[in-house]
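In: Take a look and give me a structure for this.
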Amino acid sequence: MLEIDPNARYVESDPHLEVLCDQARYERRIGVDLEFIRQSTYFAKLALVQIAVGEQHLLIDPLGDVDLGPLESVMLDPGVCKVLHAPSQDLEIFFHRLGEPPRNIFDTQMAAAMAGLGHQASYSSLVSMVLGVELRHSEGFTDWLRRPLTGTQEAYALDDVRHLFALQERLTEQLEQMGRMSWFVEECSQYEELDRYRTPPEELFTQVKSRNKLNPRGLAILRELAIWREEEAMRQDRPRRRVLLDEVLVEIARRAPSDVKTLKRVRELRIRDQGALNSLLDAVKRGQEVPRDDCPRPRRRTRVSRDPSLAVSMLKTAFKVQCDRQNIAPAMVGNASDIERLVRRYFDDPERSEGDPLLKGWRGDLVGGILLEILTGEVGLHLDPESGAPEFHELE
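Out: Have a look, this model is predicted:
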């Protein structure tokens, strides 16, 4: 029989963690939060794991001797709900450790946004708003890798999972009352998509700023340079921009140097290692050898037969009005670029717009219908003469 100190703050042994994970599977949920440092590295350095199981709230020191295997197995178990707050970076860490996305995620921040409690609400503000509990958070920028942790750090960390289940229960109740639970489940399913955690190497260049200054040949070179930088950043475990700035990548792609002397003339190029310089030139050469028809094309706005600007302005207003009516933050649903994309697709070919993200799933239920009716001329927007508020009306 495993003896466990009821006052313990830490999971002290592998058997202890195995018992907790078995309990999580029985109860079908576990609360999780991670503390990590990543300012100067490519890969986040996991510094502390916090878990909630039943009434227990415990810390796991990943720098110690406890094997995280049982917890990682639970993270992949679709039968166990993982309750986290704003978990994107935490799930990315698990993905890199596991090679696949965790399953069955309940994001309390997303649930709050769906319930009309504000977009990207912090954990402490949500605990205060929903549960009436005030947290004194003062350790957010502490050095979590330093040992031993202070009592204040430990208390802060435990608070981050202490209220997760209560939030889950309250927010689930609100979402069910509002008829939005299916929307929430649909949105949380994105955390299980592989594309969320990794970008295909050949698409890395699309994340480089100012890339559209380049012609197709320059983009082909930039594509190879971005792959080189990613591999080098992982090899050195340094952030991408500390290997090469975006501006430097674009300038190298524009100049297409063929020798080290010319390459070194690029401003802000801080690489001095001869091997690295030669491999950079090899990347440039690969880009130059790409067949012309296979070079990426600069992103240009689709030309449409009608000026979309007025329609975009009208739909932006309608979009905000509908989100306000439904008590949901517009940023949770979409942005200006999403609206412009929809209008351009519709003006180019109405049938092509049918697959637009704003017209699909819960977004389609919430705003897609009214936006499409405005585009088709079935519905208009006017100001109510008494209240001054925007109102929708059917057009004859």
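
In: Buried residues of the helix or strand where residue 316 lies, list them for me.
Out: Element membership of residue 316, judged by DSSP states H and E, is helix 309-325. By neighbour count on 16 or more other C-beta atoms under 10 Å, the buried set for helix 309-325 is 311-312, 314-316, 318-319, 321-323. Just so you know, the C-beta spots here come from the backbone N, C-alpha and C atoms, and that holds for glycine as well.

In: for those residues, which one is nearest residue 132?
Out: Residue 132 lies nearest to residue 323 out of the buried residues of helix 309-325, by C-beta to C-beta, at 27.2 Å.

In: Let me know the pLDDT of the closest one.
Out: On pLDDT, residue 323 comes in at 94.

In: who touches the nearest residue to it once chain neighbours are set aside in this structure?
Out: Nearest in space to residue 323, with sequence neighbours left out and distances taken as C-beta to C-beta, 6 or more residues apart in numbering, is residue 330 at 4.3 Å. Contacts for residue 330 (C-beta atoms under 8 Å, 6 or more residues apart in numbering) come out as 319-320, 323-324.

In: among the buried residues of helix 309-325, which two are most distant?
Out: Across the buried residues of helix 309-325, no pair lies farther apart than 311 and 323, at 18.3 Å, counting by C-beta to C-beta.

In: Contacts for stretch 86-101 next, please.
Out: By C-beta under 8 Å, 6+ apart, stretch 86-101 touches 32-34, 36, 43-44, 46, 68, 72, 75-76, 84, 102, 105, 107-109, 120, 123, 191-194, 196-197.

In: Could you check the host helix or strand of residue 91 and say which residues are buried?
Out: Secondary structure assignment for residue 91, by DSSP H and E: helix 88-98. Neighbour counts using 16+ other C-beta under 10 Å place 90-95 of helix 88-98 among the buried residues.

In: got the CA coordinates for whichever helix in the chain runs longest in CSV?
Out: Longest helix in the chain by number of residues (criterion: DSSP state H): helix 216-236. Provided in CSV are the C-alpha atoms of helix 216-236 (Å, rounded to 0.1, in the frame of the first residue of the first chain):
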residue,chain,number,x,y,z
PRO,A,216,9.3,34.7,-57.5
ARG,A,217,13.0,33.8,-57.7
GLY,A,218,13.7,35.7,-54.5
LEU,A,219,10.9,33.8,-52.8
ALA,A,220,12.3,30.5,-54.0
ILE,A,221,15.6,31.5,-52.3
LEU,A,222,13.8,32.7,-49.2
ARG,A,223,12.0,29.4,-49.0
GLU,A,224,15.4,27.6,-48.8
LEU,A,225,16.8,30.2,-46.4
ALA,A,226,13.8,29.8,-44.0
ILE,A,227,14.3,26.0,-43.9
TRP,A,228,18.0,26.5,-43.2
ARG,A,229,17.2,28.9,-40.4
GLU,A,230,14.7,26.6,-38.8
GLU,A,231,17.1,23.7,-38.8
GLU,A,232,19.9,25.8,-37.5
ALA,A,233,17.7,27.2,-34.7
MET,A,234,16.7,23.7,-33.6
ARG,A,235,20.3,22.5,-33.8
GLN,A,236,21.5,25.4,-31.7
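
In: which regions of the stretch 201-350 of the chain sit below the pLDDT cut-off?
Out: Scanning the stretch 201-350 of the chain for pLDDT under 70 picks out 300-306.

In: Quick one: the helices in it, in order.
Out: 216-236, 240-243, 246-255, 260-263, 274-288, 309-325, 330-333, 336-348 (DSSP state H, counting those that start in this stretch).

In: So what touches the first one?
Out: Contacts with helix 216-236, where a contact means C-beta under 8 Å, 6+ apart, come from 42-43, 201-202, 204-205, 207-208, 211, 214, 239-240, 242-244, 249-250, 252-254, 256, 276, 279-280, 283-284, 286-288, 290, 292, 294-298.

In: try the fourth one
Out: Defining contact as C-beta under 8 Å, 6+ apart, one finds that helix 260-263 is touched by 252, 255, 257, 269, 274, 277-278, 280-281.

In: Name the nearest of the residues you listed relative to residue 150.
Out: Closest to residue 150, out of all of those and judged by C-beta to C-beta, is residue 269, at 42.8 Å.

In: dump the residue contacts of the closest residue to residue 67 other than its chain neighbours.
Out: What sits nearest to residue 67 in space, not counting adjacent residues and going by C-beta to C-beta, 6+ apart, is residue 14, at 5.1 Å. By C-beta under 8 Å, 6+ apart, the residues touching residue 14 are 66-67, 70.

In: ok, of those, which one's closest to residue 9?
Out: residue 66 (13.2 Å).

In: isn't that closest one right up against residue 11?
Out: Yes - Residue 66 is within contact range of residue 11, at 5.7 Å (criterion: C-beta atoms under 8 Å).

In: between these two, who's got more neighbours?
Out: Using other C-beta atoms under 10 Å, the more surrounded residue of residue 66 and residue 11 is residue 11, with 26 against 20.

In: distance of the nearest residue to residue 281 once chain neighbours are set aside from residue 46?
Out: Closest residue in space to residue 281, ignoring its immediate chain neighbours: residue 263 at 6.3 Å, by C-beta to C-beta, 6+ apart. According to C-beta to C-beta, to the nearest Å, residue 263 and residue 46 sit 37 Å apart.

In: In terms of neighbours, single out the busier of these two.
Out: residue 46 (22 against 19).

In: All set now, cheers.
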